[in-house]
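**Q** Predicted structure and sequence below. I'll ask about it afterward.
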Amino acid sequence: MSKRIIAALVAVAPLSLFAVTHSVKVNADGSFTPAVTYIATGDTVEWTFSTPYDSVIPVNWDGASPGFCSAIKPYSATDPNQLTGPMPLAVSGIFTLSPLGAGYTVETAKSRCSNGLTPRTTAGTEMLCAGGAQGATTDAVWTDPSLTGVFIRLLWNELQIAPGTADSSFDFTILDREMNKAVKNGKVFSLGIKAGDDGTPSWLFTNGVTKLNLRDKGSDDEAGCGFSMALGNPTEAAYQQRYFDMLRKVAAHVRSRADWYRALAYIKPSGANLVSHENRLPKRCDPGCTCNTQILAQNHYTPAGLYAFYQAQLDLLAVEFPNKTMSYALIQDGFPKINDAGDYEKSDGTSSGGPLPAGSEQTQTIIDNGQAAYHLAFAVQHNGLSTKKADNCLRDMNGIGCPNRWVLQEGKEGQVTGFQTTNETKVATPADVDSALQNELLNSQGIFLELYEERFWEAVHQPNGVIAPAGSGFTMSQWSDQLRNRRLNLFPALGNPFPTTYAHTFTLPQGLSSQTLYYVHGAKCGVANPAAIIIQPANAAPPPARRRGVKH
């Protein structure tokens, strides 16, 4: 062996041969033992949690001031000493949907709420009433131990109240409040930002985006031509620029606090919407009604443009939300039948010119592109899970009442999948909730379920927590455990979203003689002063409590 190689091996020996793993206990009250850990560059710190919902969050601290809980560090994926963790991927369990309008309050059960309205639902001696803060999930839900998290549903026009990317153009009131609730309660959240009928900002149309006056309805069983809406075309460059600028601003805001960013479970591609956060556009051209396909075609909508919009959005989300899972909510036949030549489906069902895309072709292509580009970082969900009506849907995906077969197919292909139930009038009782959960567990490979808030609250307030005694007999916590166990079995390579330990290896930055990193428990900041990790050079003399080669 040459002298040069020997010298190189000697040079790296302090980092590679004598690296130490240091153990830190996260105590039940949110403090850490030991509170100060001395390490050498190249060493690892492993935290052992008291609960699966514990976290490690870096703070800026001068060693004396009391306001460290307001000094959470930003999240930076490129910082080698970014100790934020654990970072959950492909999160499993039970989520609720945040309200798009006023939230709920919990009152003593009676015939009318204190505001005179009819209760949304009643369970035992309590009832849910409308009239809470805008977009707020109730504390009774946030604090429930069986809840994994909340899908925070935002409207673009309420979030970005004026054009531009200045702070004054945005109102983060709802988002900040709900992210803080997630952190405080040790939960996670998903995030989606809707345009569509009630989320498209009106200022778009005086800032370079073409205004399209469309009319459509949300489902086939609605009568008439639907309702009028002013939308932008997501394949138009100006629309994409405005939506993507908004996403960049939101991402930077969420990353501005490491505790917020750690709690993010799924970021949801959106922006091409009709009445919900699902990915779809007005597509009807019924006789006597607005011909949406004609209007979109005349304004240069094409499948190729749609694919480019989604691929650019996925690329942006991957950069702006690193180490997070994207979850695409599909409507299989959700996009207008228009071809790349500009031909469109007319009111009699024929084409104005050449062949048109098949009903699910555009959705399938978007899913295939996302899967090819981002693999397990790209999840697929359907927002229409109903009660169980069959038992063999993984063999016969077209069976009556089976979960969406496009999601089932993605699950068979090894993708992460999940569901949201049909609306609260169709999955309307605790027994329905239990049946929908059975449908997901038995008839799909889904790992999470999103429930309307009132259905979740009602279900967990059944006697002894048993959702449906004549059904599965499970509590919501037991259902959540079922989904989490499935997640661990199906995707072991992604790690446990809620592990019992978390580890990070540290490097002393060049030019520094030492570095002190302070951190807190995300949900229990303030119970004690921040703990500290002090990184020293590899050849520094260790303090008395530190011994090379010993895990402590």
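**A** Ah, there it is.
**Q** Going by residue numbers, what spans are helices in the stretch 101-250 of the chain?
**A** 139-142, 156-159, 173-184, 196-199, 237-255 (DSSP state H, counting those that start in this stretch).
**Q** Redo these as TSV? Include mean neighbour count.
**A** Every residue, glycine included, has its C-beta placed from N, CA and C. Formatted as TSV, the helices of the stretch 101-250 of the chain follow (neighbours: other CB atoms under 10 Å):
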stretch	mean neighbour count
helix 139-142	19
helix 156-159	19
helix 173-184	19
helix 196-199	21
helix 237-255	19
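**Q** Show me where the stretch 301-450 of the chain has its strands.
**A** Ranges of strands within the stretch 301-450 of the chain are 325-330, 378-385, 417-421, 448-452, based on DSSP state E, counting those that start in this stretch.
**Q** Which pLDDT value belongs to Ala40?
**A** At Ala40, the pLDDT value in this model is 96.
**Q** Tell me who's in contact with it.
**A** By CB atoms under 8 Å, 6 or more residues apart in numbering, the residues touching Ala40 are 14, 19-20, 508, 535-538, 540, 542.
**Q** Equivalent analysis for Lys25, please.
**A** 32-33, 47-48, 50.
**Q** Just the buried subset of the residues you listed, written out for ChimeraX, thanks.
**A** In ChimeraX, this line selects whichever of those come out buried by 16 or more other CB atoms under 10 Å:
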select :32,47
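**Q** taking the contacts of Lys25 one by one, which sit in strands?
**A** 32-33, 47-48 (DSSP state E).
**Q** Out of the residues you listed, which is nearest to Asp333?
**A** Nearest to Asp333 among the ones in strands among the contacts of Lys25 is Trp47, at 47.7 Å by CB to CB.
**Q** The closest one and His22 touch, don't they?
**A** No - if you go by CB atoms under 8 Å, Trp47 and His22 don't touch, sitting 9.7 Å apart.
**Q** follow-up on the earlier one: which one of the contacts of Lys25 is nearest Gln371?
**A** Nearest member of the contacts of Lys25 to Gln371, counting by CB to CB, is Trp47, at 33.8 Å.
**Q** what's across from the closest one in the sheet?
**A** Val24, Tyr502 (DSSP bridges).
**Q** and the gap between it and Pro163?
**A** In this structure, Trp47 and Pro163 are 44 Å apart, going by CB to CB, to the nearest Å.
**Q** just Thr421 next, same as before
**A** Taken as CB to CB, the span from Thr421 to Pro163 is 36 Å.
**Q** Give me the more crowded residue out of those two.
**A** Thr421 (25 against 16; other CB atoms under 10 Å).
**Q** just wondering, since we're on the more buried one, how far is it from Thr363?
**A** With CB to CB as the criterion, Thr421 and Thr363 are 20 Å apart.
**Q** Would you mind measuring from Val20 to Ala538?
**A** Taking CB to CB, one finds Val20 at 11 Å from Ala538.
**Q** which one of these two has more residues nearby?
**A** Val20 (18 against 15).
**Q** May I ask you to confirm that the more buried one is in contact with Ile39?
**A** Yes - under the criterion of CB under 8 Å, Val20 makes contact with Ile39 at 7.0 Å.
**Q** Leaving out chain neighbours, which residue sits closest to Val380?
**A** Spatial nearest neighbour of Val380, chain neighbours left out: Glu410 (4.4 Å); criterion: CB to CB, 6 or more residues apart in numbering.
**Q** per-residue pLDDT, the one you found?
**A** 97.
**Q** For Val433, see how far away it is.
**A** 24 Å.
**Q** One more: Ile447?
**A** 17 Å.
**Q** picking up where we left off before, so which of the strands of the stretch 301-450 of the chain is nearest Gln134?
**A** Going by CB to CB, the one of those nearest Gln134 is strand 448-452, 17.2 Å.
**Q** Parallel or antiparallel, which strands does the closest one pair with?
**A** When DSSP bridges is applied, strand 448-452 pairs with strand 93-97 (parallel), strand 417-421 (parallel).
**Q** how about these in CSV, adding mean pLDDT and distance to Leu128?
**A** Output for the strands paired with strand 448-452, formatted as CSV (pLDDT from 0 to 100; distance: least, CB to CB, whole Å):
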stretch, mean pLDDT, distance to Leu128
strand 93-97, 98, 12
strand 417-421, 98, 17
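**Q** and those, which is most packed in?
**A** Most buried of those, by mean neighbour count (mean count of other CB atoms under 10 Å): strand 417-421, with a mean of 27.
**Q** Show which residues not belonging to it make contact with it.
**A** By CB under 8 Å, 6+ apart, strand 417-421 touches 97, 151, 327, 329, 379-386, 403-404, 407-408, 410-411, 427, 433, 436, 440, 444-452, 455.
**Q** Low-confidence regions, the stretch 151-300 of the chain specifically.
**A** Filtered on pLDDT under 70, the stretch 151-300 of the chain yields no residues whatsoever.
**Q** again, 90 this time
**A** 218-223 (pLDDT under 90).
**Q** in it, which spans are strands?
**A** Going by DSSP E, counting those that start in this stretch, the stretch 151-300 of the chain shows strands at 188-194, 212-216, 227-231, 264-268.
**Q** okay if I get the ones you listed as CSV plus mean neighbour count and distance to Asn157?
**A** Formatted as CSV, the strands of the stretch 151-300 of the chain follow (neighbours: other CB atoms under 10 Å; distance: least, CB to CB, whole Å):
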stretch, mean neighbour count, distance to Asn157
strand 188-194, 24, 9
strand 212-216, 19, 16
strand 227-231, 17, 11
strand 264-268, 25, 17
